[in-house]
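Participant: Fold the following and give me the result.
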Amino acid sequence: MDDASHESFEDFVTASADRLMRTAFLLTGNRHAAEDLLQGALERTYQRWGRERIIAPEAYVRRVLVNAASSRWRSRQFREEPLDAAAERAGADGMPDLAMRDQVLRALRELPKRQRAVVVLRYFDDLPEAAVAEILGCSVGSVKTHASRALARLRGSQHLGDVRVRIERRR
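Facilitator: Next up, the predicted model:
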């Protein structure tokens, strides 16, 4: 890879690392696993960066993240890891934001992998349905179906009971 390509990749990582880390975290529910997932996705992207023109690099990395997370979920060695220690320690008394984050992560973990990916990409990354469909390699109708089923499942989640009450009180 030449110096200009290397520099452009560094600029891309600097500009999008926080957003991509959030996506990886929401897909895994664990900071360490998210860091590993993102590093692997960035390594794969770096290998292709100099050889071919990646038109939408952030979308490409998101697709790699989702595919790697799916492979991780399918792996026989995969076992559910505990949520971040900070989220585990969060209580209603001192850190309500961490407690709420813990509840959302637990609810996301209940979703099947495809529904979780749709929710993360569509609602947390705020991508349009067409972009989510492209990243996941499916139709826009599939994205709508997965989103609808995921939201219905999240509405019924026992983990989000307190979150729903807090949201309704704010309205």
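
Participant: Could you tell me the end-to-end distance of stretch 46-57?
Facilitator: From its first residue to its last, stretch 46-57 covers 10 Å (C-alpha to C-alpha, to the nearest Å).

Participant: Show me where this structure dips below the pLDDT cut-off.
Facilitator: Within the chain, the segments meeting pLDDT under 70 span 1, 73-97, 159, 161-171.

Participant: Now with 90, please.
Facilitator: By pLDDT under 90, the low-scoring segments of the chain are 1-7, 27-31, 33, 47-56, 67-110, 113, 123-126, 135, 151-171.

Participant: So which elements touch the longest helix seen in the chain?
Facilitator: The longest helix of the chain (DSSP state H) is helix 3-28. Where contact means 3 or more C-beta pairs under 8 Å, 6 or more residues apart in numbering; DSSP states H and E, helix 3-28 is packed against helix 31-49, helix 57-74, helix 113-119. The way it works is simple: take the backbone N, C-alpha and C, and place the C-beta from them, glycine included.

Participant: deepest of the ones you listed, which one?
Facilitator: Among the helices and strands packed on helix 3-28, judged by mean count of other C-beta atoms under 10 Å, the one packed with the most neighbours on average is helix 113-119 (a mean of 23).

Participant: quick one: residue 40 and residue 71 touch, right?
Facilitator: No - judged on C-beta atoms under 8 Å, residue 40 makes no contact with residue 71 at a distance of 10.0 Å.
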